[in-house]
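Participant: pasting the sequence and the predicted coordinates here, then a few questions.
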Amino acid sequence: MATSPVVGVLRVTLHIPASASLKDKRQVTRGLLRRVRNRFQVAAAEVGHGDRWQLSELAVACVSADRRHADEVLHHVLDFIENDATEAMVSDVSTELVSL
């Protein structure tokens, strides 16, 4: 019996208190997104709060043949963001797993 693929999506809202401009915010988010993509081989982008200096919403997506694996990858990504983004604080998190 074949299993259906799973798409996992992690949405993270970051508060960047030291940011005084959109340029400051972009510097923090672009570097973080690059590190997440390189380390975990996932798709990642800024998807919200584009016009706010101190807030950023990021989305990370992974595709897997196994629900448990997709959830585990997203959990590791969240841990990495919480530990690596020293200039930002995670203020909200949501995760969704969708079977295709």
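Facilitator: Arrived safely.
Participant: now do the same contact list for the nearest residue to residue 19 once chain neighbours are set aside.
Facilitator: Closest residue in space to residue 19, ignoring its immediate chain neighbours: residue 25 at 4.6 Å, by Cβ to Cβ, 6 or more residues apart in numbering. The C-beta positions use only the backbone N, C-alpha and C, and glycine is treated the same way. The neighbours of residue 25, taking Cβ atoms under 8 Å, 6 or more residues apart in numbering as the test, are 16, 19, 52, 53, 54, 56.
Participant: for residue 85, same thing?
Facilitator: 14, 28, 32.
Participant: can you tell me the helix or strand for the first one?
Facilitator: The reference is to residue 14. Per DSSP states H and E: residue 14 is located in strand 6-15.
Participant: which of the contacts of residue 25 fall in helices?
Facilitator: Using DSSP state H, no member of the contacts of residue 25 sits in helices.
Participant: out of those, who's the most crowded?
Facilitator: Highest neighbour count within these: residue 56, with 25 neighbours (other Cβ atoms under 10 Å).
Participant: I'd assumed residue 29 was in contact with it.
Facilitator: Yes: counting by Cβ atoms under 8 Å, residue 29 is a contact partner of residue 56 at 4.9 Å.
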